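J.: structure for the following, please:
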Amino acid sequence: MGKGRKTLVLVIAKLRKKYTLKALLNYTKLAKSTYYDALKKLSREDKYKGLKTLIHNICNKNHGRYGYRRVTMQLHKQGIKINHKVVMRLMKEENLTCKVRKYKSYRGQEGKIAKNILNRNFKAEKPNEKWATDVTEFALCNEKIYLSPIIDLYNGEIISYKISKRPILKQVLDMVEDATRKIKETKGIILHSDQGWQYQNKKYQKLLKEKGIIQSMSRKGNCLDNAVIENFFGLLKSELFYLKKFKSVEDFIKELKSYIKYYNTKRIKIKLKGLSPVEYRTKSQLVA
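T.: Next comes the predicted model:
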C-alpha cells in the first residue's frame, strides 16, 4: 500500500466519528471496497509489527543469509510459534530475501587411486564416522586463496581447515594433523575426497594410514560423489564471498575464519532440526 493511500485511509477512519462514511468516500472519490481492503491491510500490519521487528533482527544478525525456513526455525527457538507461510509473506512484504547464490585439483593419475568406499552414502550414525574433504579457490585483489577443510558428514561440522595462498601438499597434510589432534581416536574414520593430486600423494596416503583413517575417493570427474563438501563450498561462496566486499586478502581471510566459526556454532540447519552443527553434536552426545 502506498503512503498516500495509507494516509488517506487513516484520515477517513479518524473522521468517521464526525462525518458519515458515505460522505467521506464521495469526497475522496475512494471506493468502499478499496477503503475496507486497505483498512484490513493496515490492521494486519499492526498485528505483525512486533514480529516484523524480530524477523528484521534475525535477518540482520545473520547478514541476510537466512531464508524464510531458517527464520521460522529461529523464531520457534525463541518460543514464537508461527507458520512458515506467514513468515514467508511478511519477509516478502518487508523485502527481506535471502541474498544468497572450484578449483580443480585433478592433474591425471599421479599416484594410487583409492576405492570409492563412501559410494554416496553420506549418512553417518555418529560424529567422526565419515569425513569429506576438498580444496576450493577464491580469486580476489589479483590474488588467489585456497581453502582446505574437513567436514563431518554426521552434522556438517568443519572439523579442521587450512588456508593457503598456494595449493600445496603441506596445506592438506597440516589439515589432517590438526583434525587428528582435535579428534584423538581416528581409527576407522572414512575420509572421502576426489582424485586430486594431493590425495594421490604418497605422503598424504601414508599419513592417513598412520592415523588409522580409511581413504575413499570419488570416481573421476564425478562431483556428486563428494556432494556434501561441494554444497558447503557453494554455501560459503554464496553467503560470504559473493555477498560481501573485501578491502584486502587479509580482510577476506579474517572474514573467512569468522564465517566458519559462525557456520559451526550459530548457523542453524534445517536437516539438523533448527540447530547448528555444534549444537546438534553436543545434544546427541548428551542423549547418548
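
J.: wait, isn't Met175 in contact with Ser164?
T.: No. Using C-beta atoms under 8 Å, Met175 is not in contact with Ser164; the gap is 9.7 Å. For every residue, glycine as well, the C-beta is placed using N, CA and C.

J.: tell me where the model's unsure across the stretch 1-150 of the chain.
T.: For the stretch 1-150 of the chain, the stretches flagged by pLDDT under 70 are 1-6, 42-46, 65, 97-111.

J.: try 90
T.: 1-113, 139-142 (pLDDT under 90).

J.: going along the chain, name the strands of it.
T.: Assigned by DSSP state E, counting those that start in this stretch, the stretch 1-150 of the chain shows strands spanning 130-133, 136-140, 143-152.

J.: if we can go back for a sec, quick check: neighbours shared by Met175 and Ser164?
T.: Ser148 (C-beta atoms under 8 Å, 6 or more residues apart in numbering).

J.: the two: who's more crowded?
T.: Met175 (23 against 17; other C-beta atoms under 10 Å).

J.: so that one belongs to a helix, correct?
T.: Yes. Membership of Met175 in a helix is supported by DSSP: H, G, I helix; E, B strand; the rest coil.

J.: tell me the contacts of it?
T.: Counted by C-beta under 8 Å, 6+ apart, Met175 has contacts Thr133, Ser148, Pro149, Ile150, Ser160, Tyr161, Lys162.

J.: for the third one, grab the count of nearby residues.
T.: Using other C-beta under 10 Å, the number of residues around Pro149 comes to 23.

J.: quick one: the helices in the stretch 51-200 of the chain?
T.: Ranges of helices in the stretch 51-200 of the chain, per DSSP state H, counting those that start in this stretch, are 68-77, 84-93, 169-182, 197-200.

J.: and the angle for the longest one with strand 143-152?
T.: To tie it back to what came earlier, the one meant is helix 169-182. Here helix 169-182 runs at an angle of 30 degrees relative to strand 143-152 (axes from the mean of the first three to the mean of the last three C-alpha atoms, to 10 degrees).

J.: where's the most centrally placed residue in the chain, which helix or strand?
T.: Nearest to the mean C-alpha position of the chain, counting by C-alpha atoms, centre = their mean, stands Leu235 at 5.3 Å. Using DSSP states H and E, Leu235 sits in helix 227-236.

J.: other residues contacting that helix?
T.: By C-beta under 8 Å, 6+ apart, helix 227-236 touches 100, 102, 120, 122, 132-134, 136, 147, 149, 151, 153, 156, 158, 223, 259, 263.

J.: hmm, which of these are the buried ones?
T.: Buried subset of those (neighbour count, 16 or more other C-beta atoms under 10 Å): 100, 122, 132-134, 136, 147, 149, 151, 153, 156, 158, 259, 263.

J.: which residue sits closest to Ile214, ignoring its sequence neighbours?
T.: Ile190 (4.8 Å; C-beta to C-beta, 6 or more residues apart in numbering).

J.: what sits against the one you found?
T.: With C-beta under 8 Å, 6+ apart, Ile190 has these contacts: Ile117, Leu118, Glu129, Lys130, Trp131, Ile213, Ile214, Ser216.
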